[in-house]
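[1] show me the folded form of this:
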Amino acid sequence: MTSPRSLIAALALACATAAAAAPPKVLHALLSTGETGLDPAVASDLASLSLLENLFDPLLRYDYLARPVKLQANALVAMPTVDAAGTTWTFRLKRGMTFAPDPAFGGKRREVTAEDYVYSLQRLYDPALKSPWLFLFEGKLLGDEAWRDQFDYATAIPGLRAIDRYTLQIRLKAPDPSFLFYLALPATGAVAREVAEQYGTQLGNHPVGSGPFVMQEWKRSDRIILAANRAYHARLHGGPLPLVDRVDVKIMEEYQSRVLGYLNGEFDYIEQVPESMRDLVLDPASATPVLKPELARRGMVLDPFPVLQTYYMWMNMEDPVIGGYTPDKIALRRAIALGYNSAEDVALLKKGLALPAQTPLPPNVLGYDPHYRSPITYNLALARALLERHGYRKGRDGFRTLPDGRPLTLRMHSEPSMVGRLRDELWRKNLNALGLRVEFITDKKTEIIKASRLGKVMMFETNWVADFPDGDNFYQLLYGPNAGRANYARFNLPAYNLRYEQARKLADGPERQRLYTEMAQLIHAYNPWVLLTHPISADIRQPWLKNYKRHPVEFTNWRYLDIDMAARQRAAKMSR
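    Numbers count the residues shown, from 1 in each chain. Okay, here's the model as predicted:
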């Protein structure tokens with residue numbers, strides 16, 4: 001007779017054999033633009049940040065399910081503690097976390113320590129890296145002026161110390177209400193010093209982190225395959241993360257290819273269906289966004305999602321044609337803002353899935369005022385009168401000249417995509433209605449961003465997705481010292497800078513709200529931006545995708561997603 005112990009052993013062996021024979025769970029995802037590089041201290045584009053979020057591990061992350069959003073310990077045994085003054089933070093790391101294997105470690109298992117987080121934050125100050133994230137920390141860590149005056153990794157400061165192998169201490173010069181949000185960004189993920197030193201300026205081509213996935217295959221700006229890090233420390237409901245074995249990521253810059261690929265089952269979900277493609281998936285007979293009946297019958301699910309995102313068209317305040325703070329230059333930018341047809345944009349291009357932007361802040365961000373209304377609204381007559389008053393006269397060709405009589409041509413950069421072309425036509429129509437000539441310069445967004453940071457772009461429509469759910473993350477986009485980083489408009493107004501510096505020291509409340517209102521009014525007075533829309537994302541997922549829930553702040557949810565393999569196979573058979 002077979003013993004119970006033998007039966008249990010046989011059952012365990014059978015389960016293990018079945019698991020070994022089961023096909024790997026592969027999540028098929030897409031990114032809308034190519035990545036620029038995978039160095040946490042340097043990257044700031046959406047595609048790169050989406051990948052970094054899965055390859056590197058910050059001290060904190062967001063609770064996947066909590067709404068409103070809430071931070072939770074990630075690389076820590078518990079949330080950090082702070083002293084009574086609100087300036088000395090103590091972080092206790094989990095033991096046993098490891099970096100992905102790499103030749104830089106000499107074949108040894110490399111544990112993550114407090115010194116790695118010290119080094120990773122130091123890298124943001126390294127002038128050779130020109131980190132776009134430095135503004136979050138510069139001037140805030142006790143003694144960090146030593147790195148500003150003469151940076152050296154060997155120079156220790158009292159504001160950033162590893163107390164022991166697993167204890168990190170950060171001391172601030174003053175309390176910062178948003179400080180913990182910064183420590184959940186991909187930019188603050190742990191980087192191993194020996195990896196950075198081995199690869200030097202090529203570190204962005206050799207991402208070695210301690211996150212939920214590791215790089216398996218990388219064909220630049222085309223296809224990236226991430227493999228599950230089975231040594232990853234985090235869990236969900238007691239189970240190990242990630243839940244899939246691989247993430248197969250395709251770069252799909254062309255909007256039509258994204259949607260058709262999804263409809264053909266090539267992708268497990270698609271977020272923010274492009275405006276020009278919504279007729280392929282949404283029912284035109286419905287007054288509210290719903291899926292076409294044939295897609296609903298296939299089990300697909302539509303999830304409208306209010307994104308923490310603002311679309312805006314910025315104008316270079318240092319450009320000789322459109323920039324400057326004199327009345328004539330302000331009048332030109334204000335006329336452009338008054339000539340923007342928001343209602344047409346929302347109805348025709350956004351298919352109703354957007355809200356007109358009143359300030360830089362989207363709904364659900366701390367500091368958003370639902371009652372504030374922008375004084376800049378669509379008004380062609382006022383815009384034309386403003387141009388006439390300040391000397392922008394029409395020539396024989398019907399287009400306006402500069403006040404001194406020289407030709408006036410606006411040059412707006414745009415992306416070579418279907419939606420890019422549609423946006424160009426809307427801007428051409430709006431600007432031509434004012435008698436303003438415009439030329440469009442098309443290029444990849446990554447190249448436009450590079451040129452923007454150097455001040456070589458006159459005008460460009462772009463968007464900002466919240467790094468953390470606080471108004472500071474949006475108002476910093478117009479802070480003078482951030483010019484050449486996230487402040488593409490290179491706006492540098494002392495009155496605005498002063499209010500921003502005061503507001504960033506305050507927690508959300510009436511006093512900060514007053515400052516935010518005044519900052520919004522200054523934006524409307526000088527018009528470095530034309531505020532456009534806050535999108536409502538049309539997200540669609542396949543019936544076999546499990547655990548999908550869009551997070552307001554994090555770029556991806558790949559580590560939490562699961563695949564019902566049987567449902568996917570059934571759907572594949574039905575489509576043959």
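[2] all strands of the stretch 351-500 of the chain, in order?
    With DSSP state E, counting those that start in this stretch, the ranges of strands along the stretch 351-500 of the chain come out as 354-356, 409-414, 437-442, 459-465.
[3] do you know which of those lies nearest L60?
    Among those, the nearest to L60 by Cβ to Cβ is strand 459-465 (18.6 Å). C-beta here means a position set from N, CA and C on the backbone, and glycine is covered the same way.
[4] pretty sure V465 is touching V307, no?
    Yes: contact status for V465 versus V307: in contact at 6.9 Å, counting by Cβ atoms under 8 Å.
[5] pick out whichever of the two has more residues nearby.
    Shown here are V465 and V307; by other Cβ atoms under 10 Å, V307 has more neighbours (21 against 16).
[6] the more buried one contacts N463, doesn't it?
    No: with contact defined as Cβ under 8 Å, V307 does not reach N463; the gap is 9.2 Å.
[7] okay, and the common contacts of those two?
    Residues touching both V307 and N463 (Cβ atoms under 8 Å, 6 or more residues apart in numbering): P535.
[8] for the residue nearest to V290 when sequence neighbours are not counted, the count of nearby residues, please.
    Leaving out its chain neighbours, the residue that sits closest to V290 by Cβ to Cβ, 6 or more residues apart in numbering is D283, at 5.0 Å. Using other Cβ under 10 Å, D283 is surrounded by 17 other residues.
[9] ok, D283 to K292 distance?
    Distance of D283 to K292, given as Cβ to Cβ, to the nearest Å: 5 Å.
[10] same question for P360.
    Using Cβ to Cβ, one obtains 35 Å as the distance from P360 to K292.
[11] which one's more surrounded, the two?
    The neighbour count for P360 versus K292, taken as other Cβ under 10 Å, is higher for P360 (25 against 18).
[12] looks like that one contacts Q476 (just checking).
    No: P360 lies out of contact with Q476 (Cβ under 8 Å); the separation is 9.7 Å.
[13] picking up where we left off before, looking at the strands of the stretch 351-500 of the chain, which is nearest to L243?
    With Cβ to Cβ, the closest approach to L243 among these belongs to strand 459-465: 24.7 Å.
[14] and that closest one with strand 437-442, angle?
    Relative orientation of strand 459-465 versus strand 437-442 (axes from the mean of the first three to the mean of the last three Cα atoms, to 10 degrees): 50 degrees.
[15] ok, residues contacting strand 459-465?
    For strand 459-465, contacts defined as Cβ under 8 Å, 6+ apart pick out 46, 307-316, 322, 360, 410-414, 423, 427, 445, 448, 452, 474, 477, 486, 488, 532, 535, 555.
[16] what do you get for stretch 84-94?
    59, 75-78, 80-82, 112-114, 117, 142, 163, 166-175, 179, 233.
[17] and that stretch, what's buried?
    Going by neighbour count (16 or more other Cβ atoms under 10 Å), the buried part of stretch 84-94 is T87, T88, W89, F91, R92, L93.
[18] wait, which of those is closest to P68?
    Nearest to P68, judged by Cβ to Cβ, of those is W89 at 22.4 Å.
[19] remind me, longest strand of this protein?
    Longest strand in the chain by number of residues (criterion: DSSP state E): strand 533-541.
[20] what's the average pLDDT for that strand?
    For strand 533-541, mean pLDDT rounds to 94.
[21] what pairs with that strand, and is each one parallel or antiparallel?
    Paired neighbours of strand 533-541 in the sheet (DSSP bridges): strand 269-270 (antiparallel), strand 301-306 (antiparallel), strand 354-356 (antiparallel).
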